[in-house]
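Engineer: no sequence on this one, just coordinates:
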Ligand SMILES: N=CN[C@@H](CCC(=O)O)C(=O)O
Ligand SMILES: [Zn+2]
């Protein structure tokens, strides 16, 4: 099956396959081709270039993209998309002035979602989750990471991971699964956190790894949740079983989580709302991708990740939604990109790089998605007619997407 996109106003994020992520000043460069064509053969990007050099191709389908932009789909490297029910009553508490931690302390938060999930059947959880997955694909997401962490018992964590596996099997979007047993300490272990950490290490990790249900291991490394010591023990155990670290750090407290992530060669360290200069120093010369989650900062009214300071210091940065019922009940990457520009002072080029090529790297998918590169999946966004790509973050809240393609197949 050959699909030819022709007369593309501008083809964005055109890269050689040697580029796996971009950092510092290079984040402000977005390579593009104006007046371009792109050829997809059997779901894979097979050729592209300037329209005037377009070869005489016999295609099964020709898409005229006059006035429109074509770009890789968004890569959302941090979500909790599989969950049960919602927490909009906590939203009211929040409006009335309670903080995230105060809501958690009065029985809300992650434990509230865990209770709901434990009471939900696997089929029902799948049905609820697939609606969200379809929603985000229609919003232009073409690769996604999904975490467990609302089970908090062996049985329910496995249930979540099996739902993620089923989504992987049934949808064309690449999905990476992360085991986040260490998301919160369940009530039964309130006075015995060590007992829960032991359960994660001795029972959950071996079973998850043996069943091949996750690629990554995550910990909510935060005051009141899991300490540096807990985090290191869990990452160590995960790594022994072949799970790669990808962790929640510095959401409310900077107390060594970034250092623990880099020490264990984490693929990414995520959140980073609270950053000390030494955290930025630690990330320099590491292979760990920092990931910012502006939807969470927006929703909880907490600081935004200091993107400007980090990029100006030469670091790379990825952007993700953190789609979850408690701190970011939205999986809309378009909103994330706008918020990154408006609130974090990222340029449109930086935000698009952070949401595509760097996001792909942050979930180990840099060989498959994240740029317009020969050999990568034809996971593509075709915009409506727009004046320039800066219009995408500028026109926040309104969709500029006309069509989304996964492996060359039109989804919307
Ligand atoms: N911070 C920890 N985990 C999620 C929130 C989970 C929840 O509140 O349900 C996050 O990444 O923001
Ligand atoms: Zn998260």
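Structural biologist: The structure has been received and is ready for your questions. Everything numeric in this text was worked out from a predicted model, so none of it was measured. Residues are numbered from 1 along each chain as shown. Ligands and ions are numbered 1, 2, ... in the order given.
Engineer: Show the contacting residues for the residue of the stretch 51-200 of the chain found nearest ligand 1.
Structural biologist: Closest contact between the stretch 51-200 of the chain and ligand 1, by CB to the nearest ligand atom, is at residue 110 (4.5 Å). (C-beta placed from N, C-alpha, C; glycine too.) The contact partners of residue 110, by CB atoms under 8 Å, 6 or more residues apart in numbering, come to 104, 149-150, 152, 183-184, 220, 326.
Engineer: same check, this time on residue 303
Structural biologist: Taking CB under 8 Å, 6+ apart as the criterion, residue 303 is in contact with 273-274, 297.
Engineer: If you count neighbours, what's buried in stretch 164-179?
Structural biologist: Buried residues in stretch 164-179, counting neighbours by 16 or more other CB atoms under 10 Å, are found at 164-167, 171, 173-179.
Engineer: can you redo the contacts of residue 110 as a markdown table with distance to residue 355 and pLDDT?
Structural biologist: Below are the contacts of residue 110 laid out as a markdown table (distance: CB to CB, whole Å; pLDDT from 0 to 100):
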| residue | distance to residue 355 | pLDDT |
| --- | --- | --- |
| 104 | 29 | 92 |
| 149 | 23 | 98 |
| 150 | 25 | 98 |
| 152 | 30 | 98 |
| 183 | 25 | 98 |
| 184 | 28 | 97 |
| 220 | 23 | 98 |
| 326 | 22 | 96 |
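Engineer: Which single one of those is nearest to residue 207?
Structural biologist: Among those, residue 152 lies closest to residue 207 (CB to CB), at 14.7 Å.
Engineer: That closest one in helix, strand or coil?
Structural biologist: Judged by DSSP: H, G, I helix; E, B strand; the rest coil, the three-state class of residue 152 is coil.
Engineer: Would you mind confirming that it is in contact with residue 186?
Structural biologist: Yes - in this structure, residue 152 is within contact of residue 186 by CB atoms under 8 Å, at 4.5 Å.
Engineer: With neighbour numbers in mind, choose between the two.
Structural biologist: residue 152 (30 against 19; other CB atoms under 10 Å).
Engineer: residues touching the more buried one, list them.
Structural biologist: Residue 152 neighbours (CB under 8 Å, 6+ apart): 110-111, 114, 118, 181, 183-184, 186.
Engineer: mind listing which of the residues you listed are in helices?
Structural biologist: In helices, defined here by DSSP state H, the members of those are 110-111, 114, 118.
Engineer: got a winner among these for most neighbours?
Structural biologist: Neighbour-wise, these (other CB under 10 Å) top out at residue 110, 25 neighbours.
Engineer: now the closest residue to ligand 1 within the stretch 251-400 of the chain, nearest residue through space, not along the chain?
Structural biologist: When distances are taken as CB to the nearest ligand atom, the stretch 251-400 of the chain reaches nearest to ligand 1 at residue 326, 2.2 Å away. In space, and not counting its chain neighbours, residue 326 is closest to residue 87: 5.5 Å by CB to CB, 6 or more residues apart in numbering.
Engineer: Need phi/psi at that neighbour.
Structural biologist: phi -130, psi 50 (degrees, to the nearest 10).
Engineer: ok, it to residue 21 distance?
Structural biologist: 34 Å (CB to CB, to the nearest Å).
Engineer: re earlier: okay, the contacts of residue 303 in TSV with distance to residue 306, secondary structure and pLDDT next?
Structural biologist: Below are the contacts of residue 303 laid out as TSV (distance: CB to CB, whole Å; DSSP: H, G, I helix; E, B strand; the rest coil; pLDDT from 0 to 100):
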residue	distance to residue 306	secondary structure	pLDDT
273	9	coil	98
274	9	coil	98
297	11	helix	98
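Engineer: pLDDT below threshold where in the chain?
Structural biologist: Applying pLDDT under 70 to the chain picks out no residues at all.
Engineer: So which residues on it come close to ligand 1?
Structural biologist: By the rule CB under 6 Å from any ligand atom, the part of the chain lying against ligand 1 is 80, 109-110, 113, 220, 248, 251, 296, 322, 324-327.
Engineer: And the helices in the stretch 251-400 of the chain?
Structural biologist: Under the criterion DSSP state H, counting those that start in this stretch, the stretch 251-400 of the chain contains helices at 257-263, 277-283, 294-300, 307-312, 333-344, 348-355, 357-361, 391-394.
Engineer: Got the domain ranges for this protein?
Structural biologist: Domain assignment of the chain by automatic domain parsing yields the ranges 2-74+370-410, 78-361.
Engineer: Quick check: which of those domains is buried the most?
Structural biologist: domain 78-361 (a mean of 21; mean count of other CB atoms under 10 Å).
Engineer: circling back: what sits in contact with each of residue 152 and residue 186?
Structural biologist: Common neighbours of residue 152 and residue 186 (CB under 8 Å, 6+ apart) are 111, 114.
Engineer: Just list whatever residues bridge to residue 217.
Structural biologist: Beta-bridge partners for residue 217, by DSSP bridges, are residue 179, residue 245.
Engineer: Isn't it up against residue 236?
Structural biologist: No - Residue 217 is not in contact with residue 236 according to CB under 8 Å; the separation is 9.8 Å.
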